[in-house]
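Undergrad: need a structure here:
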Amino acid sequence: MSDGLINSAPKPEGDPQRRRRLHLLLASVTCLMLVILLAICGMYWKFTSNLRHFEVAEADLGNRRPAKASPDALNILIVGSDQQTVSVANPGERSDILMLAHLSADRSELNVVSFPRDLLVPLPACSGREGLPGQRAHLGMINSSFMFGGISCTWKTVETLTGIKIDHVIKVDFSGFRRIVEAIGGVEYCISEPIHDKLAGLDLAAGCQTLNGEEALGYVRARYSIGDGTDIGRIHRQHEFFGAMAQKLLGAQLANPVRLFSFMDAATKSVITDPGFSPGVMRELAFAVQHLSSENIHFITMPWHYSTASPGRVEWVEKPAKRLFRSIAADKSLMDTEFTRAKIGEPQDSTTKPCGASRVDHCAEISQADGVARP
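TA: Numbers count the residues shown, from 1 in each chain. The predicted structure follows:
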C-alpha cells in the first residue's frame with residue numbers, strides 16, 4: 001500500500017553526474033593552483049633575471065671577519081654610486097651615499113646608520129678589482145674605498161670599522177633610484193621654501209607635493225643650495241626623505257599585488273648585489289618594512305665631529321660610535337636609547353619635511369658629554 005506520498009529514491013553514491021561535477025571541481029582547483037604556481041615561478045624567474053651581481057671572494061674581505069651574534073638578523077650595506085667619469089685622479093666611482101641597514105632577528109626593528117662621505121676613518125688595506133688600484137692601510141675618507149677598491153673594498157672597510165658582519169651589499173646608481181621612486185608612484189613631501197639647485201638639476205616650488213623620480217634624485221643629492229650646505233645637512237634631509245619613502249611602503253603599497261610587482265621589478269632592475277642576494281631576500285625586506293611601525297624605524301648618523309686637523313672633513317667620535325656598533329652587532333634594540341633620543345651633531349633643517357604625522361627618528365645618537373661640536 002501507498003501512504004499517498006511520492007518519495008523519490010536517493011541517487012546512488014556512484015551517480016555519474018555527481019562524479020562529473022566532483023571531477024570538474026577538482027580539475028578547476030588543480031588548474032588554478034597550477035596557474036598560481038606558474039605565475040609565482042615566472043615572477044621569481046623574472047626578478048632573478050633582473051638582478052646583476054658583482055664579483056666578491058672571501059679573500060677580498062680578509063680572514064678576520066666579525067662573527068654574528070644572531071644568524072637571523074640581517075645586515076645590509078647600501079652604496080649609492082655617483083657614476084662619475086673615471087680618470088687617473090678618480091679611478092672609480094664614488095659612494096655618494098653609504099648606509100648600513102640592520103633588520104633585527106625578530107623583524108621588530110630596522111636601524112639604518114649613515115656614514116658621512118667626508119668622514120675620516122682608519123682604512124684597511126685591500127686589493128682592487130676591474131682595473132682599480134686598491135687601497136693601502138691609512139687614515140682617509142670613507143668613500144675613497146669605493147673609488148680605489150670597489151664594492152668589496154668598501155665592504156671590508158665598513159666591517160673593519162664597525163665590527164659588524166655584513167650579510168649583503170646593494171649598490172644603486174642614479175637611474176636605479178629614479179626607477180624605484182617612480183615604481184611606488186612618487187613620494188609626498190612638504191617644502192617650506194622654493195629650492196633651486198643647478199648642480200642637482202632641482203627646481204621645486206614651496207608647498208606639499210609629490211616628488212617624481214628625477215625630483216627625488218635631485219633632492220637627496222642637493223647640498224650647497226639647501227640648509228647649511230654641508231654633507232651632514234644633506235644626510236639629515238636624506239633621512240627625512242627615506243623616512244617618507246618607508247612611510248609610503250608602510251601603507252597599502254606592498255599589499256597591492258600590482259604595486260608589489262611594479263616595486264619588485266623596478267628594485268631588481270635598479271641594483272647590483274653580491275651573489276648571495278636574491279629576490280627572496282628583497283621580498284622579505286619589503287614585507288618586513290611593511291609590517292614595521294614608523295616608531296621602529298630609526299635613521300642614525302654615525303657619531304661625528306668636525307676635524308680640526310683637516311678642515312672641511314669630519315671625524316668619528318670613537319666611544320659613542322663603538323657603543324652603537326656593539327649594540328647593532330649584538331642585535332640589541334635601539335628603542336629609547338641615547339642613539340634614538342639625542343639630536344646632538346645633527347643640523348636641524350626646517351626647509352623640508354615629510355608629509356603626514358608619522359614619526360621617524362633622525363639623530364646623531366650622541367650626548368653632550370661626548371664633546372661633539374654642533375655644526
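
Undergrad: which residues touch A101?
TA: With contact taken as Cβ atoms under 8 Å, 6 or more residues apart in numbering, A101 is in contact with L74, N75, I76, L77, I78, L110, N111, V112, V113. C-beta here means a position set from N, CA and C on the backbone, and glycine is covered the same way.

Undergrad: could you redo the last one with a cut-off of 7 Å?
TA: A101 makes contact with I76, I78, L110, V112 under the criterion Cβ atoms under 7 Å, 6 or more residues apart in numbering.

Undergrad: So what's the residue count around the residue lying closest to the third one once chain neighbours are set aside?
TA: Once flanking residues are discounted, L110 sits nearest to I297: 4.8 Å by Cβ to Cβ, 6 or more residues apart in numbering. Here the number of neighbours of I297 (other Cβ atoms under 10 Å) works out to 21.

Undergrad: How about P66?
TA: 15.

Undergrad: Return the distance of it relative to G186.
TA: Distance, P66 to G186, using Cβ to Cβ, to the nearest Å: 39 Å.

Undergrad: Low-confidence regions, the protein specifically.
TA: Applying pLDDT under 70 to the chain flags residues 1-14, 22-48, 82-94, 250-256, 341-375.

Undergrad: if I pick the residue nearest to S310 when sequence neighbours are not counted, what's in contact with it?
TA: The spatial neighbour of S310 that comes closest, neighbours along the chain excluded (Cβ to Cβ, 6+ apart), is L120 at 6.3 Å. Each residue near L120 by Cβ under 7 Å, 6+ apart is listed here: L139, G140, M141, S307, S310, R313, E315.

Undergrad: can we see that at 6 Å?
TA: Contacts for L120 (Cβ atoms under 6 Å, 6 or more residues apart in numbering) come out as L139, R313, E315.

Undergrad: Mind putting the residues you listed into a markdown table with neighbour count, distance to V169 and secondary structure?
TA: Converted to a markdown table, the contacts of L120 look like this (neighbours: other Cβ atoms under 10 Å; distance: Cβ to Cβ, whole Å; DSSP: H, G, I helix; E, B strand; the rest coil):
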| residue | neighbour count | distance to V169 | secondary structure |
| --- | --- | --- | --- |
| L139 | 11 | 23 | strand |
| R313 | 17 | 25 | coil |
| E315 | 19 | 25 | strand |
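
Undergrad: circling back to that earlier point, the residue nearest to S310 is in what secondary structure piece?
TA: Using DSSP states H and E, the element containing L120 is strand 119-123.

Undergrad: before we move on, what about C190?
TA: strand 187-191.

Undergrad: Can you list the buried residues in that strand?
TA: Going by neighbour count (16 or more other Cβ atoms under 10 Å), the buried part of strand 187-191 is V187, E188, Y189, I191.

Undergrad: wait, what's in contact with the third one?
TA: Read that as Y189. Contacts of Y189 (Cβ under 6 Å, 6+ apart): L211, A244.

Undergrad: one step back: and the furthest pair within the contacts of A101?
TA: Across these, the longest distance by Cβ to Cβ is 12.2 Å; it joins I78 and L110.

Undergrad: how close does the residue nearest to S310 sit to Q17?
TA: The gap separating L120 from Q17 is 83 Å, by Cβ to Cβ.

Undergrad: How about G186, nearest residue that isn't a chain neighbour?
TA: Closest to G186 by Cβ to Cβ, 6+ apart is T210, at 4.1 Å.
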